[in-house]
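Student: predicted model follows, preceded by the sequence.
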Amino acid sequence: MTGKRQQGLYIILSAVFLSLAVTLVDAFLQPDYVPKVLVKILFFLLLPLFYFGWNKKERPLLKKLFRLNGKTMVQAVLLGLLVYGVIVGGYFCTKSFVDFSQVTGTLQEKHGITGENFIFVSLYISLANSFLEEFFFRGFAFLSLKPYIGRKLAYVFSPALFAFYHGGMLAGMFSWWVFLVLLTGLFVGGCIFNYLNEKSESLYPSWVTHMFANFAINTVGFILFGVL
């Protein structure tokens, strides 16, 4: 195996291990929300940052990830508004035949999220959590991986891992067919985020779009909790 392939395999295994570690901590240790956030910061931000710092060849990429581009940011905001409309509109179009009643119960039982603390959770999810996931799944598991395994494989791996990771959180909230539809949507969304980052060589466009997607999901959450 060449050095290039070894490096690609290292990133793949590291990304799988780190995302699986967060999932297992959540599933078996079931920490309170704040410790859960700290675990995610460790595995999705600090350890990947250590990789970028340790590998000198990756440092230029790390700098590019935080480079602003006004044109792509405007495009990201417009796309984000479209995504917001699609998700919220999709909820209103499907609520008559999709059972959303298990969502709030699962959030309370598995994550300790209630109508009272949802405002704080929603702010974290929209602003901070979206950044952590973009840095990990797009910065580490896509842009840093692509030169070693090729564009096509990286385009499949990153969104597949993104969908798998969220599948653990969505399990038990919906019927099986809705669950599969959501996983497909997460995979497609991951591909779109990859494209935004690849085009701009920056995390900001996908982060902004991801924030609007989370704004929409949280809007639905406020409705389900009876806040709106």
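Tutor: Everything's here; your move. Residues are numbered from 1 along each chain as shown.

Student: only C-alpha atoms for contact and neighbour calcs from this point on.
Tutor: Fine.

Student: output the lowest mean pLDDT helix or strand found in this protein.
Tutor: Each helix and strand of the chain was given a mean pLDDT (mean pLDDT, DSSP states H and E); the minimum falls on helix 101-111 at a mean of 80.

Student: and whichever helix or strand comes after that one, which residues are buried?
Tutor: Later in the chain than helix 101-111, the nearest helix or strand by DSSP states H and E is helix 118-123. Applying a neighbour-count criterion of 16 or more other Cα atoms under 10 Å, one finds 118-119, 121-122 buried in helix 118-123.

Student: what's the answer for stretch 146-158, then?
Tutor: Applying 16+ other Cα under 10 Å to stretch 146-158 flags 146, 148-149, 154-158 as buried.

Student: number of nearby residues for Leu38?
Tutor: 11 (other Cα atoms under 10 Å).

Student: list the contacts for it?
Tutor: Taking Cα atoms under 8 Å, 6 or more residues apart in numbering, we find Leu38 in contact with no residue.

Student: quick one: secondary structure of it?
Tutor: Put simply, Leu38 is helix when judged by DSSP: H, G, I helix; E, B strand; the rest coil.

Student: check it and give its pLDDT.
Tutor: Per-residue pLDDT puts Leu38 at 94.

Student: what strand or helix carries the residue positioned nearest the centre of the chain?
Tutor: Taking Cα atoms, centre = their mean, the centroid of the chain lies closest to Glu133, which sits 4.2 Å from it. In the assignment (DSSP H and E), Glu133 maps to helix 130-133.

Student: Thr219 too?
Tutor: Assigned by DSSP H and E, Thr219 belongs to helix 204-224.

Student: in CSV, list the C-alpha atoms belonging to that helix.
Tutor: What follows is helix 204-224, C-alpha atoms only, in CSV (Å, rounded to 0.1, in the frame of the first residue of the first chain):
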residue,chain,number,x,y,z
TYR,A,204,-18.4,29.0,5.8
PRO,A,205,-20.9,28.4,2.9
SER,A,206,-21.8,24.9,4.1
TRP,A,207,-21.9,26.1,7.7
VAL,A,208,-24.3,28.9,6.8
THR,A,209,-26.5,26.5,4.8
HIS,A,210,-26.4,24.0,7.6
MET,A,211,-27.4,26.7,10.1
PHE,A,212,-30.5,27.5,8.1
ALA,A,213,-31.4,23.8,7.9
ASN,A,214,-31.1,23.6,11.7
PHE,A,215,-33.1,26.8,12.1
ALA,A,216,-35.9,25.0,10.2
ILE,A,217,-35.6,21.8,12.2
ASN,A,218,-35.7,23.8,15.4
THR,A,219,-38.8,25.7,14.1
VAL,A,220,-40.5,22.3,13.7
GLY,A,221,-39.2,21.4,17.2
PHE,A,222,-40.8,24.5,18.7
ILE,A,223,-44.1,23.6,17.1
LEU,A,224,-44.0,20.0,18.4
